[in-house]
Each structure stands twice: as C-alpha cells, then as structure tokens.
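Colleague: Fold the following and give me the result.
(2 chains)
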Number of protein chains: 2
Amino acid sequence: MVATRQMRPRRRTSAEVQKLLEGLADSVVTAARNGEVPSFDIPVRTLSNVSFNKKKRIIELGKNTTERRFFDLGTAKKFMQTVLVADALMSLQREQVTTSLREIYYRTKHTIKGTSENTFDDQDESDPIIEDLEVTLSLLREELRVRAKSWGTIIGPITLVDAGDTVDCTRQGIGGKTVPSIVEPGYVDIKRCTADFVLMVEKDTQFSRLSEDKFWKRHNCILLTGNGQAPRGVRRLARRLHDEWNLPVYVLMDNDPWGYYIYSVIKQGSISLAFESQRLAIPDAKFIGLSSADPEKYGLPRNVGIKLNDTDIRRAREVAGYEWFQKKEWQDEIKQMLRSGLKYELDALAHKNFRFLTTDYLPRKLKEKDWLD
Amino acid sequence: MVATRQMRPRRRTSAEVQKLLEGLADSVVTAARNGEVPSFDIPVRTLSNVSFNKKKRIIELGKNTTERRFFDLGTAKKFMQTVLVADALMSLQREQVTTSLREIYYRTKHTIKGTSENTFDDQDESDPIIEDLEVTLSLLREELRVRAKSWGTIIGPITLVDAGDTVDCTRQGIGGKTVPSIVEPGYVDIKRCTADFVLMVEKDTQFSRLSEDKFWKRHNCILLTGNGQAPRGVRRLARRLHDEWNLPVYVLMDNDPWGYYIYSVIKQGSISLAFESQRLAIPDAKFIGLSSADPEKYGLPRNVGIKLNDTDIRRAREVAGYEWFQKKEWQDEIKQMLRSGLKYELDALAHKNFRFLTTDYLPRKLKEKDWLD
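Modeller: Numbering: from 1, shown residues only, chains lettered A, B, ... in the order given. Below is the predicted model:
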C-alpha cells in the first residue's frame, strides 16, 4: 500500500521567529518609554498547570501564567536572563546556525561588569529560560534552532532529503541513516514513503537484529530507533510519518515500568514538556510489546525474567495511577507484571533463538494485532 | 591529496572461526576419550598480565595463562560456562547472524535439569567468558559476530559499502551515515576515500556544528563520532582508515581528565581490553584539543571553565601516573590543568560565537599543528 500524503504542518519561517523574538524585545522598550515596568507573562510549567486532555489524548499545558518584572527583587535576575537568552536565540536566526542548550548557556554566561555576579551560574538556570521562551512564543525548540542532544537511526522504504541530499533509506546497509536532531520540514523533507507502518524500537540490539534480517523489507515498514528513550528528532519524525503519510506507529520496548512510561511519552507527551505534546505526541501509537502476557505466550521461562525490585514495584504502581493509563487493558497489563514479580527484556527473546524476534515474535504480534493502545 | 590504499588486514573467515571453536571442543572430547581431565588454558586478563609496550606504543596482554579444569571444584562451573558460550558462538557462525553480549547471556542461561542451579545468574558471568574465548582463540569480538553496544556517525569524502549498499558519505545531509557495530571487511568495505585526515569528535554537539558548517568539505576530512566514549565500530573504522588509507587521526575531546583518558584508549588501547589493542589502538593518533593552553590562547574567560572537584584532581593525578602519559608535553598539559584548577568543555567555545570551533579554533589548530602526541 502506498500511503498518500496528507496535511503538512507548516514550520514557522525564520522571519516569523525573528518577528516573535523582536516583539518580545519591543514590549520591553515600549514599557520603558512609557515609564511602565517592563514585564513578561510566562506560562506556568509546573504540574499544577499540566493536565491530560481526554479528547485530544495528550498531556497539555493549562492557561496559567506568571509575571516576570524587571523592577522586582524576586524576578529581576530572571528577567535579565530572559532578555539575554532571547538575544542569543535571535543571533541563531540571524546567523542561520543551530546550537545546543549547553552552548546557549556558555554563550550567555558572563560576569556582570563591576561585580563578581555571573549572568548564569549553571545550565540549570538557562535551560528553563529557553523552555519559557518556547512556550511564551508558541515555538518548537527546533524552530528556535536549538538541537536536542542525541540522534537516532532510520532504515526502510523512505526517501529523505537531509540538508539538500536525497537519501534512499533502503540503501543504507545494516547501519542505516542517522536521524539528525532537527527534522522539521526544510531541514529534513520526506520525498517518498511507501511503508505500511513505523516500528519504533527502544534499543539498538533489536534494531540491529531487525536491520540485519531486513525485517523492514519483508514487512514493508520503517525501523526507527533512538538508542534508549527516543530523542526529539526521532519522535518528531515518527509523528510526521503518522500525520503526513498516515502511517500507524508501533512501539517496541522492554517489559518493565520504564518501558511503559517511555511508551506513554511517545504517545501522550511528558509532564515536563507538556507544551510540546501538540507537536511531538502520537496519541494513536500502539505498544506492540514486550507485554506481560508474552513470556507465557511465547514460551519464555521464568528464569530469563528479572525479579522486580522495590523501585520497579513503586514505579509500576505510580504508572498505573496516571490518568492516561486508566484503560482496562493497561491496568491488567501492569497488574499482571506485579503479580508475576518479574520484568523481561526484549533481549530475552534470544533465549529461544537469535532471530526469534524477526521470525516469530513480531510477525505473530502483527498478524494477531496483539498490541496495547 | 588522494590517499592511496595500503595493506588490508585480513578478516578471519567464518570457516576459520568455526575451525577454531571446533578445535576447542575437540580438545575436550580427546581428553575425555584418553581418560584425561578436560581443561582449557585461558590467558590471564588482570592488571598483573597487562603492560605498555614502548616499542609498539600499545597496551598489551602478557603471556600468563590459567588452567580451567572440568574436574576441579573451583573451576568446574566456569568450564561448563565456557563450553556453553562456545556453543552459542558456534551457532552464530552457523546461522550467519550477529548478536549482543546480553543476548548471549540469555541464550546460554538455563536451569540445570534436576537442580535449582542456573548456568548463569548474571551477565557479569557470561561477558568475561566471551572475552576469555576471544583471547584464547585470538579472535576479535567482531569475528565472533558479537556486536558492541552503541553506534557512531560518519560524514565526509568516503564511499562505504555497508552490507552491499554503496553509500557516498558526502551525500548524507547533516545527519550523516550511521556506523554499524561491526565494520570488519566484508561487513563494511571502504570503496573510495579522498580525505586528508580523520577527525574523531567526542560529542555530538561538536559533530553537529562541524557537519552543519560542512567543515569536512573545506578541510577535506572525515568526521567521526561515537557520542561519548568511541564505540568499537568507530575505533575500528578510524584504525582501518589509518592503516589502509594512511590517514592521520586527530581526536577532539573536552579538556578534562576523562577526555585525556578516552583519548589514550583510542591511542594505546585500554587495560581491560588489552588483548584488542593490536587491532583497535591507533598509536599515531593525536590529541588536537581542547588542551589546557587553549583557553588563554583562544581567549576563553575563566568563568566558562568548570572548577576541578576532588574526583577530577584524583583522576588527573592517576592519568599523569600512567606509563603512556610520561612524555613531557603530557606531563606539562596535566600540570597546567591542575595549576589552573579548571577544566573546559568544547561547548565553551560557543562563548566566543556559535561557529568559533569551525571558523577559528580548528583551522588555527591544524595550521599550527598544535596537538599533543
């Protein structure tokens, strides 16, 4: 089946981003000229202002804001920091370069003239300011030209244009193509895609297995991995394939409470970056495994399971309490893990044989549509 | 300058590897038939049997071995484990698949019939056995078809053949091409390479910067990264480019004791994998930065340095004590760090401007041949 291209979310142009940043600066200047106290209204990003939107099925930010005033002992430093970071973000646009969170910290750090006071003492101070600005200006970090830390890998029937180079991802060997941090249209374009679905694989061991066995060819799918918790670039690319090419997204994780949670971040977004859910989350994503019923179904002995420790048990209960895990199938899933007292890694499938994942496990899972929603 | 292709290290064929594994099994059978106690002589892999070879400039394993006997309370379990792992390694050859250390653990773990005893209780038991076999049979892990954990990324004027697919690494966008775990000839072939040198970059932030600025194009080099401590695939590929294509290798790390050590692993090999130095180490590799003299030379203020803590200081002194760090330039380098009381990240170069690494730092370093050997 050739998927047809649907809506393409428009990336804000650099001119638009610059206008938004200038608007922020203008508001300061205007207030100062009018003899008013310059201030910003910054959306509150704490748990109190985060909720699960049942209709949209994503975790999102509420409407509460807080005022950051120039002439206020409690917020003056943050106000100054906000202006400095906005200025650095502006130069990224002017110079047309991308950078990292850490480099913005270094760029904006200096000792204030005539004092021994630093503008920033730690990256912990500059990161939240960048997030503040993302939310205040309704911009994705990628639109601000700020890169996330790690990369991912893609392989399968898709042709990407990465910075002008056309790359056919069926011809990238076993290694595959590196997915850059920023995959917004204009940075990475999807020229062609004939896959039927996307398989997001948590760990590179399974990705290697599936790549080596050319699983993507036999099952006409795209393999994506981020080597652990999926980085933003990988999540954005999966989301774009889902939105623009109508592809279902299946997520393959270890059977443990952390696997459940990482899956839920892909699906509903995260509490800490609730603002970004609207463009990162994939509410239709399915959890294809490893689920707690699988060890029995696929003949994995108990001795390749790992005993849940106290932290696992506490985390499993916490996850079971989240609003977005209230579906009966998920409650049953978590209960079954707790009852068995065991968690299983995908690597344990190798106990059957080294290619079991490719030849037995996934084909049966896909055939039986055996996934959790 | 077009590098010319030199010697190509021959990879052991699967038939040869199988023969070596069979030889091991045969020795057990023969001993049993002759009424002797089956046993293996396994090279000792502790510090006592590791030394720095000044002539070859690598860390290597000595000649001491230890006997692992079947009828010996102290070694019987390890003997059994050795046979199990050798058997699993044999199936990798027969099935022509690759796998991970962890999957070998799962594959060989079972409860011994009629007992509650497991063959392996933890991966900590199976990993050393795999290393034992590598050393005993003089085989690289990659020849045994065992993958390392993480991957890397490459970009630049090189054409690789990865599992039959020809990939021109000048046409891989900003993201680049993923370097698989196993890059032995036959898995990955180097079809063409016109670069003048290899730049191994510790962190993906700097790799992104250099890739985005097409540094590899202006300076005709290959950019390689492993996102932190270089994984085996990345080290092997750099080594092959050095051996087979005569390319100098420059290593770009943070200015801290860990950076020094990671560099030394690339250059001389590591204590824990001393056996592999002969095919992984690059004794001619140079440390291009960040060195302790750079902050002053390149105008980085002290406030973008990070205060050395006790662990850093202890580690710096430890590193200064290693035999392979005894050159005067290295002793001076480490002393200067300790005297300044500061370490610097490469990211701090962004304090000057976002593209400083590309436009100023590296070009001047290369021009002045300002590196440590």
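Colleague: What distance do you get for the closest residue to A:Asp213 other than its chain neighbours to A:Leu273?
Modeller: Distances taken as Cβ to Cβ, 6 or more residues apart in numbering or on different chains put A:Thr358 closest to A:Asp213, at 4.1 Å, once the chain neighbours are dropped. Backbone N, C-alpha and C define where each C-beta goes, glycine included. Separation of A:Thr358 from A:Leu273 (Cβ to Cβ, to the nearest Å) stands at 34 Å.
Colleague: next one: A:Leu139
Modeller: Going from A:Leu139 to A:Leu273 by Cβ to Cβ gives 13 Å.
Colleague: what's the answer for A:Asp165, then?
Modeller: For A:Asp165 relative to A:Leu273 (Cβ to Cβ), the value is 30 Å.
Colleague: And A:Trp151, by the same measure?
Modeller: A:Trp151 is 18 Å from A:Leu273, by Cβ to Cβ.
Colleague: So for these two, which residue has more residues nearby?
Modeller: A:Trp151 (25 against 20; other Cβ atoms under 10 Å in any protein chain shown).
Colleague: which residues touch the residue nearest to the more buried one when sequence neighbours are not counted?
Modeller: Nearest in space to A:Trp151, with sequence neighbours left out and distances taken as Cβ to Cβ, 6+ apart, is A:Thr178 at 5.5 Å. Residues near A:Thr178 by Cβ atoms under 8 Å, 6 or more residues apart in numbering or on different chains: A:Trp151, A:Gly152, A:Thr153, B:Thr153, B:Gln172, B:Gly175, B:Gly176, B:Lys177, B:Thr178.
Colleague: Identify, from those residues, the entry nearest to A:Gln206.
Modeller: Nearest to A:Gln206 out of the contacts of A:Thr178 is A:Thr153 (Cβ to Cβ; 12.0 Å).
Colleague: how about stretch A:243-254, does it reach chain B?
Modeller: No. Counting by Cβ under 8 Å from any Cβ of the partner chain, chain B has no neighbours in stretch A:243-254; the shortest distance is 11.3 Å.
Colleague: quick one: pLDDT of the residue of the stretch 1-150 of chain A found nearest chain B?
Modeller: Nearest residue of the stretch 1-150 of chain A to chain B, counting by Cβ to the nearest Cβ: A:Glu103, 3.6 Å away. As predicted, A:Glu103 sits at a pLDDT of 94.
Colleague: how about the residues of the stretch 151-300 of chain A near chain B?
Modeller: Checking the stretch 151-300 of chain A against chain B by Cβ under 8 Å from any Cβ, the hits are A:151, A:153, A:160-167, A:171-181, A:187-188, A:204-205, A:208-209, A:212-213, A:227.
Colleague: correct me, but A:Gly176 touches A:Ser211?
Modeller: Yes. Taking contacts as Cβ atoms under 8 Å, A:Gly176 lies within contact range of A:Ser211: 6.2 Å.
Colleague: you'd agree A:Ile288 is in a strand?
Modeller: Yes. Secondary structure assignment (DSSP: H, G, I helix; E, B strand; the rest coil) places A:Ile288 inside a strand.
Colleague: count of neighbours near it?
Modeller: The burial count for A:Ile288: 24, using other Cβ under 10 Å.
Colleague: How about the contacts made by it?
Modeller: Here A:Ile288 is in contact with A:Leu199, A:Tyr250, A:Val251, A:Leu252, A:Leu362, A:Lys365, A:Leu366, A:Asp370, A:Trp371 (Cβ under 8 Å, 6+ apart).
Colleague: Return the set of residues that bridge with the nearest residue to A:Ser208 once chain neighbours are set aside.
Modeller: Using Cβ to Cβ, 6+ apart and skipping the chain neighbours, the partner closest in space to A:Ser208 is B:Arg147 (5.9 Å). Taking DSSP bridges as the rule, B:Arg147 bridges to B:Ser100.
Colleague: From what I see, B:Arg147 and B:Ile182 are in contact.
Modeller: Yes. Under the criterion of Cβ under 8 Å, B:Arg147 makes contact with B:Ile182 at 6.0 Å.
Colleague: Identify the contacts common to those two.
Modeller: With Cβ under 8 Å, 6+ apart as the test, B:Arg147 and B:Ile182 both reach B:Thr98.
Colleague: So for the closest residue to A:Lys286 other than its chain neighbours, what's the pLDDT?
Modeller: Nearest-residue entry for A:Lys286: A:Trp371, 4.1 Å, with adjacent residues in sequence omitted and distances by Cβ to Cβ, 6+ apart. The score at A:Trp371 is 97. That number is its pLDDT.
Colleague: what about A:Trp371, distance to chain B?
Modeller: Remark: distance between A:Trp371 and chain B (Cβ to the nearest Cβ, to the nearest Å) = 23 Å.
Colleague: distance of the closest residue to A:Met253 other than its chain neighbours from chain B?
Modeller: Of all residues not flanking A:Met253 in the chain, A:Gly259 sits nearest, at 3.5 Å (Cβ to Cβ, 6+ apart). In this view, A:Gly259 and chain B are 15 Å apart by Cβ to the nearest Cβ.
Colleague: Can you tell me the SS state at A:Gly259?
Modeller: helix.
Colleague: re earlier: secondary structure element for the residue nearest to A:Trp151?
Modeller: Taking DSSP states H and E as the definition, A:Thr178 sits inside strand A:177-179.
Colleague: any idea which element the nearest residue to A:Tyr261 once chain neighbours are set aside lies in?
Modeller: Counting by Cβ to Cβ, 6+ apart, A:Tyr261 lies nearest to A:Val319, which is 5.7 Å off, once chain neighbours are set aside. Assessed by DSSP H and E, A:Val319 sits inside helix A:310-321.
Colleague: hey, C-alpha coordinates of that helix in PDB?
Modeller: What follows is helix A:310-321, C-alpha atoms only, in PDB (Å, rounded to 0.1, in the frame of the first residue of the first chain):
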ATOM      1  CA  ASP A 310      11.300  -2.200  45.200                       C
ATOM      2  CA  THR A 311      11.900   0.700  42.800                       C
ATOM      3  CA  ASP A 312      10.300  -1.200  40.000                       C
ATOM      4  CA  ILE A 313       7.200  -2.000  42.000                       C
ATOM      5  CA  ARG A 314       6.900   1.600  43.200                       C
ATOM      6  CA  ARG A 315       7.300   2.900  39.700                       C
ATOM      7  CA  ALA A 316       4.800   0.300  38.300                       C
ATOM      8  CA  ARG A 317       2.200   1.500  40.800                       C
ATOM      9  CA  GLU A 318       2.900   5.100  40.000                       C
ATOM     10  CA  VAL A 319       2.500   4.400  36.300                       C
ATOM     11  CA  ALA A 320      -0.800   2.600  37.000                       C
ATOM     12  CA  GLY A 321      -2.000   5.700  38.700                       C
END
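Colleague: Need the contact partners of that helix.
Modeller: Outside helix A:310-321, the residues touching it (Cβ under 8 Å, 6+ apart) are A:256-258, A:260-261, A:264, A:308, A:325, A:330-331, A:334-335, A:337-338, A:343.
Colleague: Among the residues you listed, which one has the most neighbours?
Modeller: Of the contacts of helix A:310-321, with other Cβ under 10 Å as the count, A:Met337 tops at 26 neighbours.
Colleague: Kindly confirm my reading that that residue is in a helix.
Modeller: Yes. Under three-state DSSP, A:Met337 falls within a helix.
Colleague: so how far is chain B from the residue lying closest to it once chain neighbours are set aside?
Modeller: What sits nearest to A:Met337 in space, not counting adjacent residues and going by Cβ to Cβ, 6+ apart, is A:Ser292, at 4.5 Å. A:Ser292 sits 18 Å away from chain B, going by Cβ to the nearest Cβ.
Colleague: Over to A:Ser292. Which of the three states is it?
Modeller: At A:Ser292, secondary structure determined by three-state DSSP is coil.
Colleague: The residue positioned nearest the centre of chain A: what's it in contact with?
Modeller: By Cα atoms, centre = their mean, chain A has its centre lying nearest to A:Arg232, at 3.8 Å. A:Arg232 sits next to A:Arg141, A:Glu142, A:Ala148, A:Ser181, A:Leu280 when contact means Cβ under 8 Å, 6+ apart.
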